[in-house]
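K.L.:
Pasted the sequence and its predicted model underneath.
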Amino acid sequence: MEAESIWEKVQAKLKAFVRAKVRDEASADDVLQEIFIKMYQNLHQLRAEEKAEYWLFRIAQNAVNDHFRQRKTQALPVPALVEPAPTEEEEQVQALTEEVAQWLPFMLELLPDKYRQALYLTEVEGISQRELAEKLGISYSGAKSRVQRGREKLRDIVLQCCEVATDKYGNVLGYQPREAGSEENVEEEEEECC
């Protein structure tokens, strides 16, 4: 059996088959070339020439599948990966958020132990609430409640000493210390907290 004679008999059918599946003509030609190469490399496996067409269409279907699999796993083009430069406003929001994040660990120290531990493990160390439950020997719902209450208590502590403005996503837009004698500042503080 000669590869060229087999190829000539079914090439037109294979091309129509591949073009129906692969819309781009250049890609379809590449797939056809792959089919020919695989046929040539594996011709010794073909036992009967009358089964050549069926055999080649199996190779063709696999080649089309390979083509789409490769396209799916190819990296995105570089322009799609490049993020636009942040605006001045976005940079300010980021800077303020980072500044607030610097004094939050000190605020954590003001929380009762069980809430401080829950927030530290989930927010700083990054363990899941499910892992927190296992580590502390409490139920998953108990761990979720503890983290939620800890967040609420931390927010109350922050708002006790500072006025914080945020956007709808929780990004810090601005903050300022509360005046020591204001009604909103329930506890007297020896130092400013923010």
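P.N.:
Structure received. All figures in this text were calculated on a predicted structure; none of them were measured in a lab.
K.L.:
Tell me where this protein is predicted with low confidence.
P.N.:
Along the chain, the model assigns pLDDT under 70 to residues 1, 73-83, 180-194.
K.L.:
where does residue 162 fall, phi/psi-wise?
P.N.:
Backbone torsions of residue 162, given as degrees, to the nearest 10, read phi -140, psi 150.
K.L.:
From what I see, it and residue 179 are in contact.
P.N.:
No. The pair formed by residue 162 and residue 179 falls short of the contact definition of CB atoms under 8 Å, at 11.1 Å. Glycine gets a C-beta too; all of them are placed from N, C-alpha and C.
K.L.:
between the two, which one's more packed in?
P.N.:
A count of neighbours by other CB atoms under 10 Å puts residue 162 above the other of residue 162 and residue 179, at 18 against 10.
K.L.:
wait, is residue 175 part of a helix?
P.N.:
No. According to DSSP: H, G, I helix; E, B strand; the rest coil, the state of residue 175 is strand, so it is not within a helix.
K.L.:
Tell me how far it lies from residue 96.
P.N.:
Here the criterion is CB to CB, to the nearest Å. By it, residue 175 lies 7 Å from residue 96.
K.L.:
same question, residue 13
P.N.:
Here the criterion is CB to CB. By it, residue 13 lies 66 Å from residue 96.
K.L.:
higher neighbour count, those two?
P.N.:
Regarding residue 13 and residue 96, a neighbour count based on other CB under 10 Å identifies residue 96 as having more, with 18 against 13.
K.L.:
List the buried residues in the helix or strand harbouring the more buried one.
P.N.:
Assignment of secondary structure by DSSP states H and E places residue 96 within helix 88-108. For helix 88-108, the neighbour count (16 or more other CB atoms under 10 Å) marks 93, 96, 100, 103, 107-108 as buried.
K.L.:
For the chain, just list every one of the helices.
P.N.:
Taking DSSP state H to define them, one finds helices in the chain at 3-21, 25-42, 52-73, 78-81, 88-108, 113-119, 129-136, 140-161.
K.L.:
between the buried residues of helix 88-108, which is nearest residue 129?
P.N.:
Minimum separation from residue 129 among these (CB to CB) is found for residue 108, which lies at 17.2 Å.
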